[in-house]
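J.: mind looking at a prediction? Sequence and model below.
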Amino acid sequence: MLLIFPPVAKPCEPPAGIAKLAGALRAHGISCCVLDANLEGLLHLLQEPKTVSDTWSRRAIKNVAANIAALRDPRTYRSLDRYSRAVKDINRVLEVSDRDNGVALGLADYQHQNLSPLRSNDLIASAERFEKDPFYPWFKKRLPEMMGKTVFAQRRALHSRCSTRNRWVQAKGRKENLEEEDCGGDKPIPLIGFSLNYLSQALCTFAMIGFVRKEFPGMKIILGGGLVTSWMKRPGWKNPFAGLVDRLIAGPGEGPLLELLGVKDAKQKHPAPDYGSLPIHDYLAPGFILPYSGSSGCYWNKCSFCPETAEQNPYVPVPVDRAMDELNTLVAKTRPVLVHLLDNAVSPALMRALAEKPLEVPWYGFARIGKELMDLDYCMQLKRSGCVMLKLGLESGDQGVLDTMQKGIDLETASQVLKNLRRAGIAAYVYLLFGTPAETMTEARKTLEFVVKHREAITFLNLAIFNMPLCGKEAGEYETEEFYDGDLSLYTGFTHPRGWDRKLVRLFLDREFKRHNAVSLILKNEPPVFTSNHAAFFCHGRQEKC
Ligand code: SF4
């Protein structure tokens, strides 16, 4: 089987989804190849010759190799200015890569002037006109090459299972012949799986699918990933891709894939990821960032605004002892500079295990603000264990808003947690959400007050405007309207019960919130494009101040 992670997503760490699938297949003796088409495709586009007329683009193109090297060099991360210049210049080269075909590209962006990833007809159109995709010149060569490799690997695996033939080959001292018919008619079924997680991947994923359908009509195409899971949880979902995609998979793909390949009782729910065949030293980062999920779903699973709650995704943790064993094995094997815990919220049990048995590598991830972090000694222990940054979903500085959205956070606790993290030297990446049904300008101003009061303890800020999940409970409680013109949109517009609509929220953010000196200073800390994925590399200076 060939597993593909398509463009475009931030190319700073390997894709955990296909690494996990590869781990599951290989653990059951099934051979597979993995392709990070995102990284390879972006690097290919960056190095292609381009015609430009403006000075910035000319300079960016001339320096692209040096800038890529700079993002792989730890010394660049000593200066946010130097780093930002390199990122913006690389982004510029992508921006001017495909102007003729109407695609605006970036390191985390793929926008087509006519086609939308929210419309199934547009995705099908992208599959039909795959030659127009900016990555086509790369994938028309690379996909056949990888498929050849995959079929070869499958055949080799079939031969190694064919013990009679193996003994015969060994006895004759002959080199194994990998002709298909040698397996007595037991022909491999070629399978190709695409992992689609972000909107910015959707159009290119379908272009690649269109290409495979045309060039390899016998190939079975499987499509899964976070975005596909969300589509399939939409109310009244009907598959619009029949005929193009053979099977859509919602949720973790390991079980369904193994079943498809004939494995009835998969050994475990969360197999260890296998990064062995991914180019772990080629990513745009100052060393290898090791992504690891200690769970799927969320152990809290109550926040009213959250897609995890709305989609009713079950919480499935990896047992803590196993997670620690896997992390230690992966760290020993891959020697990362940073571990990225991908959990929606790292469980208190896994966090305690990390504190008590340090990985001896810096790590970061999402944590819930709770009583555990009220203990300063525990925060100090976390810091000693390598915790450099915690991402915290605070959402609001108003207790009433937090309670209405069932966030389960008490503002006094949040205040103490932020102070403890600061004293311990752990950076806090705080996520805020504006425009929820319970908020008005008054509550939004309380959020501003909270941020100003804790300005010394908040290292990074992420500001978002509320989108109402289409399949959430709230969608039935408010007057709703079409939000985006597309049958695949995951959100619905709604009439705010107190008139605090998106336009007013945006004005408040732009004219008041972001203009406050305390907020604007925090926002300036954010690494462009890569944001939280690279933020941990910029924590050191601030930690010394703490
Ligand atoms: S804690 Fe985070 S992931 Fe969990 S339900 Fe709330 S917002 Fe969603």
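T.: It's in.
J.: and the residue lying closest to Ile458 once chain neighbours are set aside, backbone torsions?
T.: The shortest distance from Ile458 to any non-neighbouring residue, by C-beta to C-beta, 6 or more residues apart in numbering, is to Val430 (5.0 Å). Using the backbone N, CA and C atoms, a C-beta is placed for each residue, glycine as well. Main-chain torsions, Val430, degrees, to the nearest 10: phi -100, psi 130.
J.: partner residues bridging Val430?
T.: Beta-bridge partners recorded for Val430 (DSSP bridges): Leu392, Leu461.
J.: what is the burial count for it?
T.: Neighbour count of Val430, defined by other C-beta atoms under 10 Å: 24.
J.: do you know how far it is from Ala70?
T.: For Val430, the distance to Ala70 (C-beta to C-beta, to the nearest Å) stands at 29 Å.
J.: now Ser230
T.: Taken as C-beta to C-beta, the span from Ser230 to Ala70 is 36 Å.
J.: pretty sure His44 sits in a helix.
T.: Yes. According to DSSP: H, G, I helix; E, B strand; the rest coil, His44 belongs to a helix.
J.: which residues sit in contact with it?
T.: His44 sits next to Phe135, Pro137, Trp138 when contact means C-beta atoms under 8 Å, 6 or more residues apart in numbering.
J.: repeat for Asn114
T.: Under the criterion of C-beta under 8 Å, 6+ apart, the neighbours of Asn114 are Gly102, Asp122.
J.: name the helix or strand for it, please.
T.: Secondary structure assigned from DSSP states H and E places Asn114 in neither a helix nor a strand.
J.: for Ile124, same thing?
T.: Assigning secondary structure by DSSP H and E places Ile124 in helix 120-128.
J.: mind listing what's buried in that helix?
T.: Residues of helix 120-128 classed as buried: Ser120, Asp122, Leu123, Ile124, Ala125, Ser126, Ala127 (neighbour count, 16 or more other C-beta atoms under 10 Å).
J.: chain neighbours aside, what residue packs nearest to the last one?
T.: Yep, that's Ala127 we're talking about. That would be Gly210: by C-beta to C-beta, 6+ apart, it lies 3.1 Å from Ala127.
J.: got it, and the third one?
T.: Among residues not flanking Leu123 along the chain, Phe206 sits closest, at 4.4 Å (C-beta to C-beta, 6+ apart).
J.: ok, now how distant is that neighbour from the ligand?
T.: 28 Å (C-beta to the nearest ligand atom, to the nearest Å).
J.: next one: Tyr77
T.: Taken as C-beta to the nearest ligand atom, the span from Tyr77 to the ligand is 28 Å.
J.: from now on call the first residue 16
T.: Done: numbering now begins at 16, and the last item shifts to Tyr92.
J.: show the contacting residues for that residue.
T.: By C-beta under 8 Å, 6+ apart, Tyr92 lies in contact with Tyr98, Pro301, His549, Phe552, Phe553.
J.: now for the residues you listed, which pair is the farthest apart?
T.: Pro301 and Phe553 (10.9 Å; C-beta to C-beta).
J.: got the confidence number for Arg170?
T.: Listed pLDDT for Arg170 reads 56.
J.: got the residues of the stretch 316-465 of the chain near the ligand?
T.: Neighbours of the ligand within the stretch 316-465 of the chain, by C-beta under 6 Å from any ligand atom: Asn316, Lys317, Cys318, Cys321, Glu323, Thr324, Asn359, Ala360, Arg383, Gly408.
J.: repeat that with 8 Å
T.: Contact residues, the stretch 316-465 of the chain versus the ligand (C-beta under 8 Å from any ligand atom): 316-318, 320-324, 359-360, 381, 383, 408, 410, 422-423.
J.: same check on the chain?
T.: Proximity of the chain to the ligand (C-beta under 8 Å from any ligand atom) is limited to residues 313-318, 320-324, 359-360, 381, 383, 408, 410, 422-423.
J.: repeat that with 5 Å
T.: Cys313, Trp315, Cys318, Cys321, Glu323, Thr324, Asn359, Ala360 (C-beta under 5 Å from any ligand atom).
J.: so where's the stretch 66-215 of the chain shaky on pLDDT?
T.: 164-204 (pLDDT under 70).
J.: closest residue of it to the ligand?
T.: Across the stretch 66-215 of the chain, the shortest distance to the ligand (C-beta to the nearest ligand atom) belongs to Asn212, at 15.7 Å.
J.: that's a strand at that residue, yeah?
T.: No. Per three-state DSSP, Asn212 lies outside any strand segment and is coil.
J.: doesn't Gly240 make contact with it?
T.: Yes. With contact defined as C-beta atoms under 8 Å, Asn212 reaches Gly240; the gap is 4.5 Å.
J.: what helix or strand does the closest residue to Thr244 other than its chain neighbours sit in?
T.: Sequence neighbours aside, Ala265 is the residue nearest to Thr244 in space, at 4.5 Å (criterion: C-beta to C-beta, 6+ apart). Using DSSP H and E, Ala265 is not contained in any helix or strand.
J.: for Ala265, give its distance to Ala287.
T.: 23 Å.
J.: so for the chain, the centremost residue is which one?
T.: Asn212 (6.7 Å; C-alpha atoms, centre = their mean).
J.: phi first, then psi, for that one.
T.: Dihedral angles of Asn212 (phi, psi; degrees, to the nearest 10) stand at phi -120, psi -30.
J.: residue contacts, it?
T.: Asn212 neighbours (C-beta under 8 Å, 6+ apart): Ala24, Pro30, Gly32, Gly240, Gly241, Leu242.
J.: the same query, at a cut-off of 6 Å, please.
T.: Applying C-beta atoms under 6 Å, 6 or more residues apart in numbering to Asn212 gives the contacts Gly240, Gly241, Leu242.
J.: is it true that the last one touches Phe209?
T.: No. Under the criterion of C-beta atoms under 6 Å, Leu242 lies out of contact with Phe209, with a separation of 10.6 Å.
J.: just want to know which of these two has more residues nearby.
T.: The neighbour count for Leu242 versus Phe209, taken as other C-beta under 10 Å, is higher for Phe209 (25 against 21).
J.: that one: which element?
T.: For Phe209, the host element (DSSP H and E) is strand 206-210.
J.: I'd like the next helix or strand past that strand.
T.: Sequence order places helix 214-230 as the next helix or strand after strand 206-210, per DSSP H and E.
J.: what's the angle between that next one and helix 135-143?
T.: 50 degrees (axes from the mean of the first three to the mean of the last three C-alpha atoms, to 10 degrees).
J.: what residues sit buried inside helix 214-230?
T.: Buried residues in helix 214-230, counted by 16+ other C-beta under 10 Å: 214-228.
J.: got a list of contacts for that helix?
T.: Taking C-beta under 6 Å, 6+ apart as the rule, helix 214-230 contacts 21-24, 124-125, 127, 130, 132, 138, 141-143, 145, 148, 150, 154, 209, 211, 234, 236.
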